[in-house]
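Colleague: Here's a sequence, model it:
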Amino acid sequence: MAAVAGFRAFGSKVPIWLRRGLCAPLAAGFCSKGLPGAGQSDPGQRPTSVQQRDGIRNIVLSNPKRRNALSLAMLKSLRSDILHEAESKDLKVIIISGEGPVFSSGHDLKELTDEQGPEYHAEVFQTCSEVMMLIQNHPVPVIAMVNGLATAAGCQLVASCDIAVASDKSSFATPGVNIGLFCSTPGVALARAMPRKVALEMLFTGDPISAQEALLHGLLSRVVPEEQLEEETMRIARKIASLSRPVVSLGKATFYKQLHQDLRTAYHLASQTMVDSVALQDGQEGIKAFIQKRKPVWSQ
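Modeller: Modelled structure (predicted):
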């Protein structure tokens with residue numbers, strides 16, 4: 001799997017949950033309250049819901065009463081939904097959004113008391129880290145569609161996505177310092193998405209920033225009026241879904257791989273990827289279609 005390869009490429013141990021393979025298959029046009037399996041907090045109920053159509057998988061954090069907190073059950077459910085048939089040619093792009101006025105309030109603090117103990121706490125943070133790395137290593141682009149507040153690990157989730165579109169009513173914060181729990185893991189994603197001094201101000205003060213500030217500093221791709229959020233997000237997703245999956249997947253993997261390399265190594269990696277892209281069936285199809293002035297027909 002490309003996700004497995006992604007972990008190995010970055011020198012990370014492939015987690016057991018990834019080696020075990022994907023969850024049971026669903027039809028390409030599935031529409032359900034989520035996939036059966038891990039992350040289930042109540043019998044027959046999961047904290048995420050999923051729809052997939054025309055190559056676009058919509059994953060919704062669906063626990064608004066708990067402000068879509070990233071509980072262990074929510075994280076496992078989200079992980080399962082992202083991993084489901086990750087290699088299917090019918091999957092071109094993933095959108096993650098939240099139900100209700102809060103995108104996600106971060107970890108469920110009720111799970112972080114001393115009643116659960118350090119082993120449980122370690123599982124929560126390890127699972128969260130796995131989800132964030134999985135997004136980057138996933139073979140298709142992942143888009144965050146944010147309408148409302150995204151705090152702590154919720155802000156981390158936004159920063160971890162490849163593209164983030166937010167309504168002008170959204171805001172972002174890493175307020176853990178205010179309750180004695182510095183947002184160290186959200187800081188990993190923020191430091192890779194924003195200038196260091198902006199990220200550190202958010203982490204040191206816990207103060208929120210507006211959607212426009214988040215756009216200015218690189219946390220978001222674009223900001224639109226609330227009534228245009230879904231339309232604009234779907235416009236981007238449909239454009240990606242209309243393109244060659246192998247080309248996009250190869251490009252995404254190389255982008256992240258070269259990002260923290262020195263300039264010479266980065267160009268070496270990118271040049272080899274260009275050679276590999278030209279050798280792809282879809283690479284040749286795209287070139288010939290351009291020369292022949294016709295629309296390309298992609299293999300996937």
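Colleague: all contacts plus neighbour counts: C-alpha atoms, from now on.
Modeller: Will do.
Colleague: for the stretch 1-150 of the chain, what spans make up the helices?
Modeller: Assigned by DSSP state H, counting those that start in this stretch, the stretch 1-150 of the chain shows helices spanning 2-9, 16-19, 72-83, 118-137.
Colleague: domain assignment for the chain?
Modeller: As assigned by the TED database, the chain contains the domains 48-241, 244-292.
Colleague: May I see the ones you listed arranged in CSV, with mean neighbour count, mean pLDDT and distance to residue 299 as well?
Modeller: Putting the domains of the chain into CSV (neighbours: other CA atoms under 10 Å; pLDDT from 0 to 100; distance: least, CA to CA, whole Å) gives the following:
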stretch, mean neighbour count, mean pLDDT, distance to residue 299
domain 48-241, 20, 97, 9
domain 244-292, 15, 94, 6
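Colleague: now those domains in JSON lines, with distance to residue 300?
Modeller: Formatted as JSON lines, the domains of the chain follow (distance: least, CA to CA, whole Å):
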{"stretch": "domain 48-241", "distance to residue 300": "6"}
{"stretch": "domain 244-292", "distance to residue 300": "6"}
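Colleague: Relative to residue 298, which of those is closest?
Modeller: The closest of these to residue 298 is domain 244-292. By CA to CA, the value is 5.6 Å.
Colleague: Would you mind measuring from residue 183 to residue 206?
Modeller: Distance, residue 183 to residue 206, using CA to CA, to the nearest Å: 9 Å.
Colleague: hang on, the earlier thing: of all the helices of the stretch 1-150 of the chain, which one comes closest to residue 274?
Modeller: Closest to residue 274 of the helices of the stretch 1-150 of the chain is helix 2-9 (CA to CA; 18.4 Å).
Colleague: Could I get the contacting residues of the nearest residue in space to residue 175 that is not next to it in sequence?
Modeller: With CA to CA, 6 or more residues apart in numbering as the measure, residue 206 is the residue that lies nearest to residue 175, at 3.7 Å, once sequence neighbours are left out. Listed by CA atoms under 8 Å, 6 or more residues apart in numbering, the contact set of residue 206 reads 173-178.
Colleague: Give the closest residue to residue 297 in space, chain neighbours not counted.
Modeller: residue 285 (7.0 Å).
Colleague: Sticking with that neighbour, tell me its helix or strand.
Modeller: helix 281-291 (DSSP states H and E).
Colleague: Might one say that residue 191 is in contact with residue 201?
Modeller: No - here residue 191 does not reach residue 201: they are 11.3 Å apart, not a contact under CA atoms under 8 Å.
Colleague: That'll do, ta.
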